[in-house]
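Novice: what follows is a predicted structure for the sequence shown.
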Amino acid sequence: MKDLTAEHTALTKALDTDVTAHNPGLRAAYGVGPDTAAQLLITAGGNPERMRTGASFAALCGVAPVPASSGRTNRHRLSRGGDRAANAALYRITLVRMSSDPRTRDYVTRQTATGRTKKEIIRLLKRAIAREMFRCLTTTVAVPGVADLRPLRQSKNITLTAVADHFGVWPAVISTLERGIRRDDVLTNAYRDWLQTA
C-alpha cells in the first residue's frame, strides 16, 4: 500500500510539473488540479487555435446550453454531448469552487434565491468556467509571482498559524498560496500588503 501511495504521489508531482510548464495560467486557475488541467489540455489538443471561440470550446466539452423550453417556461438543460472526460474535469472544478471559493458560493446563493435548481446552477457555472479555461488555453495568462511571500513572512518571524488566524483561513491555505499551488489573487495581494506593514 505504501508503495502505491508513493508511486501515486510521484506521478502526480511529475504530471503537475509538466502541466505547469506547458500552461502555468491554466494550472494556476482556482480549483484546477494537475489531473483536470491535463484533461483540458488533452481535449484542446496540440492546436488550440482551431477553437475560435469560447462557445466552440464549450460545445467540445459538452457544456453549451441546450434549450429545453416548454410553453411559457424558458429553460436550458445540461448537454449530453461533447468530450465527457473534459465535461467531468469542468464538473470537478465547479464542485471545488462551490465548496471553497467565496465568489462562487455567493453566486450560488444568489441563483438559489431566484429559484434556480442545483443542476441549473452547476450548468451555468460549468459554462462560465469553460469560458475561463478557453482563455487560459488560447492566450498567455500572467500568473502573479508569490516567491516573495514566504521569505518576507519568515524575515518577520511570523508563523503560518498567525497569518491564517488573521485572515480567517486554515494554515494549509496560506502554505499552498506561498508555494504557488493555490491561486487567489485577492488573498495574495491582501497577504502581501499585510506582511509589508507588519
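Specialist: Thanks, I have it. Residues are numbered from 1 along each chain as shown.

Novice: okay, CA-based contacts and neighbour counts for the rest of this
Specialist: OK.

Novice: phi, psi of Pro67?
Specialist: For Pro67, the backbone dihedrals (degrees, to the nearest 10) come out as phi -60, psi 140.

Novice: got it, and Val66?
Specialist: Per degrees, to the nearest 10, the backbone of Val66 is at phi -110, psi 120.

Novice: what about stretch 183-192, distance to the chain center?
Specialist: Relative to its chain's centre, stretch 183-192 lies at 15 Å (Cα atoms, centre = their mean, to the nearest Å).

Novice: stretch 12-25 now?
Specialist: Computed by Cα atoms, centre = their mean, the chain-centroid distance of stretch 12-25 equals 14 Å.

Novice: relative to Asp184, how far out is Phe33?
Specialist: Quick fix: residue 33 is Gly, not Phe. Counting by Cα to Cα, to the nearest Å, the gap from Gly33 to Asp184 is 14 Å.

Novice: what's the answer for Gly115, then?
Specialist: Counting by Cα to Cα - Gly115 and Asp184 are separated by 30 Å.

Novice: helices and strands around the helix or strand containing Thr12, which ones?
Specialist: According to DSSP states H and E, Thr12 maps onto helix 2-22. Applying 3 or more Cα pairs under 8 Å, 6 or more residues apart in numbering; DSSP states H and E, we find helix 2-22 packed against helix 24-28, helix 34-44.

Novice: and the contacts of the helix or strand harbouring Ala59?
Specialist: Taking DSSP H and E as the definition, Ala59 sits inside helix 54-61. The contact list for helix 54-61 (Cα atoms under 8 Å, 6 or more residues apart in numbering) reads 43-44, 51, 64, 81-84, 86-87, 127, 130-131, 134-135.

Novice: before we move on, back to that, quick one, which of Gly33 and Asp184 is more surrounded?
Specialist: Using other Cα atoms under 10 Å, the more surrounded residue of Gly33 and Asp184 is Gly33, with 21 against 16.
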